[in-house]
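> I would like to see how this sequence folds:
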Amino acid sequence: MSFIKTTEQDSLYNDLETMSVKDIISNINKEDKTVPLAVEKALPQIEALINQVTIKLKNGGRLFYIGAGTSGRLGILDASECPPTFGVSHDLVIGLIAGGDKAIRKAVENAEDSTTQGWEDLKEFNISKKDIVIGIAASGTTPYVISTLKKCNQENITTGCITCNKNSPLSLEANYPIEVIVGPEFLTGSSRMKAGTAQKLVLNIITTTTMIQLGKVKGNKMVDMQLSNYKLVERGVKMIMNELSISKEEASKLINTHKSVRKSINHGRTKQNR
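Got it, this is the predicted structure:
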């Protein structure tokens, strides 16, 4: 199968340094508008992968993201937001980046070129067949990610990927590939731009849909969110008020007692039905 790295092709724009600020931001925005349309074309692939993620998590497995650079950071971001948003364990969705945690802030030289470290990183978490691993790489050529998925396949661990090039080595390695073809970047080769945006959109879709399937949402509300600050407590109070048709004072009492929106609603509903 042919493989053309469209993410590395020349920008459709030239002489960027001669553009006005207005022209630069207008052209960046013009390119960004194409990303959701590219994601839309990949929805069947996204659905197939989510179905597998949901099955694994319902049966006691975990979701791992693994990537390098921007891709790795995006995976870690998505994983880190699942516990506060959906009230799940920090061990349910785990993000790994080439070079370890220090690479989240500063690039670690040659880390993405390793063909063995990714599997070693997964072994630290006692990876098993119950889990699912999603490799994230805009180019689809990152050795750290490809080699890890290859080893997972050898160990009969289900794999998926998110990439922005068609028929990449990573796509061919994954059991459930997602290919969001965004084309050349405004700044040639800067895949933190459209490709990064595409990956973030897909990650949002994967975890939000999975958590809904796992029963972590009621109606359209995050009833299992962690009440970790005043803003979230106030949001929780409003949810309870609307759900039970009660006053703010009553809702505040419930949330202060039960420390959970879901438990507060369930308790209030039971009391109303007596």
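
> pLDDT score for the spatially most central residue of the chain?
Taking Cα atoms, centre = their mean, the centroid of the chain lies closest to Leu203, which sits 2.7 Å from it. The per-residue pLDDT reported for Leu203 equals 98.

> who are the packing partners of the helix or strand containing it?
Using DSSP states H and E, Leu203 sits in helix 194-213. Secondary structure elements in contact with helix 194-213, counted by 3 or more Cβ pairs under 8 Å, 6 or more residues apart in numbering; DSSP states H and E, are helix 21-32, helix 35-41, helix 43-58, strand 63-67, helix 69-86, strand 132-136, strand 158-163. Where you see a C-beta, it was placed from the backbone N, CA and C, and this is true even at glycine.

> re the thing from before, what sits closest to the residue nearest to the centre of the chain if chain neighbours are left out?
Asp78 (4.1 Å; Cβ to Cβ, 6 or more residues apart in numbering).

> what number of residues lie near Ser228?
The number of residues packed near Ser228 is 10, by other Cβ atoms under 10 Å.

> how about the secondary structure of it?
At Ser228 the chain is in coil, as set by DSSP: H, G, I helix; E, B strand; the rest coil.

> can you count the residues close to the nearest residue to it once chain neighbours are set aside?
Using Cβ to Cβ, 6+ apart and skipping the chain neighbours, the partner closest in space to Ser228 is Pro84 (6.1 Å). Residues near Pro84, counting by other Cβ under 10 Å, number 16.

> I'd assumed Met222 was in contact with Pro84.
No. Using Cβ atoms under 8 Å as the test, Pro84 is too far from Met222 to be in contact (9.2 Å).

> what about Lys200, distance to Ile104?
According to Cβ to Cβ, to the nearest Å, Lys200 and Ile104 sit 16 Å apart.

> what does Ala198 give?
For Ala198, the distance to Ile104 - Cβ to Cβ - is 21 Å.

> swap in Lys22?
34 Å.

> who has more neighbours, these two?
Neighbours were counted for Lys22 and for Ile104 using other Cβ under 10 Å; Ile104 has more, 15 against 8.

> ok, now which ones touch that one?
Listed by Cβ atoms under 8 Å, 6 or more residues apart in numbering, the contact set of Ile104 reads Gly72, Arg73, Ile76, Ile97.

> which of the residues you listed sits closest to His90?
Ile76 (11.8 Å; Cβ to Cβ).

> nearest residue to that closest one in space, please, no chain neighbours.
Nearest residue to Ile76 in three dimensions, chain neighbours excluded: Gly95, at 3.5 Å (Cβ to Cβ, 6+ apart).

> okay, now the sheet partners of the host helix or strand of the one you found, with direction.
Secondary-structure assignment from DSSP H and E places Gly95 in strand 93-97. Strand 93-97 has these partner strands in its sheet, going by DSSP bridges: strand 63-67 (parallel).

> returning to what we had before: check the gap between the residue nearest to Leu203 and Ser2 for me.
From Asp78 over to Ser2 (counting by Cβ to Cβ), the distance is 31 Å.

> okay, stretch 174-191 in PDB with CA atoms only?
Extracted C-alpha coordinates of stretch 174-191, given in PDB (Å, rounded to 0.1, in the frame of the first residue of the first chain):
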ATOM      1  CA  ALA A 174      -3.100  -1.300  14.700                       C
ATOM      2  CA  ASN A 175      -6.100  -3.600  14.900                       C
ATOM      3  CA  TYR A 176      -8.400  -0.600  14.900                       C
ATOM      4  CA  PRO A 177      -6.800   2.400  13.100                       C
ATOM      5  CA  ILE A 178      -8.200   5.900  13.000                       C
ATOM      6  CA  GLU A 179      -6.900   8.000  10.200                       C
ATOM      7  CA  VAL A 180      -7.900  11.700  10.200                       C
ATOM      8  CA  ILE A 181      -6.400  13.200   7.000                       C
ATOM      9  CA  VAL A 182      -5.900  16.900   7.600                       C
ATOM     10  CA  GLY A 183      -3.400  17.600   4.800                       C
ATOM     11  CA  PRO A 184      -0.500  20.000   4.900                       C
ATOM     12  CA  GLU A 185      -0.100  22.300   8.000                       C
ATOM     13  CA  PHE A 186      -0.200  26.100   7.600                       C
ATOM     14  CA  LEU A 187       3.400  26.000   9.000                       C
ATOM     15  CA  THR A 188       5.000  23.200   7.000                       C
ATOM     16  CA  GLY A 189       5.400  20.100   9.200                       C
ATOM     17  CA  SER A 190       4.100  21.700  12.400                       C
ATOM     18  CA  SER A 191       1.800  18.800  13.300                       C
END
